[in-house]
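> just a sequence and a predicted model for now, questions to come.
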Amino acid sequence: MSIYVYMLRCADESFYVGSATGDDLAPCIDQHNAGTFPGYTLNRRPVVLVWSEYFERITDGIAAERQIKGWSRAKKEALIQSDWGTISRLAHRRRVTPSPSS
């Protein structure tokens with residue numbers, strides 16, 4: 001079974017990351033805009049599809065969805081722009097320099 005992972009930009013400029021099975025993502029986006037789904041997007045309509053990716057294996061799609069949900073806003077914006085350099089840079093954890101001991 002295949003799956004789409006997608007990102008919506010909500011009316012309040014926040015992002016929603018979700019997934020949908022099937023061959024066409026348009027009905028799912030229409031349902032978000034119609035308020036069919038209770039939850040995050042219900043009071044943040046209208047929503048606009050800003051990114052999506054198709055996965056042949058549902059397990060791969062679910063893993064990608066979970067990963068992206070944990071990303072910062074900056075990293076999600078880089079994904080929307082397909083800016084892989086920025087995504088890579090943002091993926092590196094900041095190193096905390098230990099304070100000198102007294």
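Yep, that arrived.
> tell me which stretches of the protein form helices.
Using DSSP state H, the helices of the chain run over 26-34, 58-69, 73-80, 84-91.
> what is the mean pLDDT for the first one?
For helix 26-34, the per-residue pLDDT values average out at 97.
> next, the buried residues of it.
Cys28, Ile29, His32 (16 or more other CB atoms under 10 Å). All C-beta atoms are positioned from the backbone trio N, CA, C, and that covers glycine.
> quick revisit: confidence-wise, which of the helices of the chain is weakest overall?
When those are compared on mean pLDDT, helix 84-91 scores lowest, with a mean of 92.
> which residues touch Phe55?
Ser2, Ile3, Tyr4, Val5, Gly61, Ala64 (CB atoms under 8 Å, 6 or more residues apart in numbering).
> can you read off the pLDDT for it?
So, for Phe55, pLDDT stands at 97.
> got it, and Gly22?
pLDDT, Gly22: 88.
> separation between it and Leu90?
Look at Gly22 and Leu90: by CB to CB, to the nearest Å, they are 31 Å apart.
> between these two, which one's more packed in?
Neighbour tally, Gly22 and Leu90, criterion other CB atoms under 10 Å: the higher count belongs to Leu90, 18 against 12.
> ok, and the closest non-adjacent residue to the more buried one?
Nearest residue to Leu90, sequence neighbours excluded (CB to CB, 6 or more residues apart in numbering): Lys75, at 4.7 Å.
> what's the burial count for that neighbour?
17.
> OK, contacts around it?
Lys75 neighbours (CB under 8 Å, 6+ apart): Thr86, Ile87, Leu90, Ala91.
> now the last one: closest residue in space, sequence neighbours ignored.
Using CB to CB, 6+ apart and skipping residues adjacent in sequence, the residue nearest Ala91 is Lys75, 7.5 Å away.
> so the most centrally placed residue in the chain bridges to which residues?
What sits nearest the mean C-alpha location of the chain, by CA atoms, centre = their mean, is Val17, with 3.6 Å. Beta-bridge pairing for Val17 (DSSP bridges): Met7.
> circling back: which one of the helices of the chain is the most hemmed in?
helix 73-80 (a mean of 16; mean count of other CB atoms under 10 Å).
> next, the angle from that helix to helix 58-69.
130 degrees (axes from the mean of the first three to the mean of the last three CA atoms, to 10 degrees).
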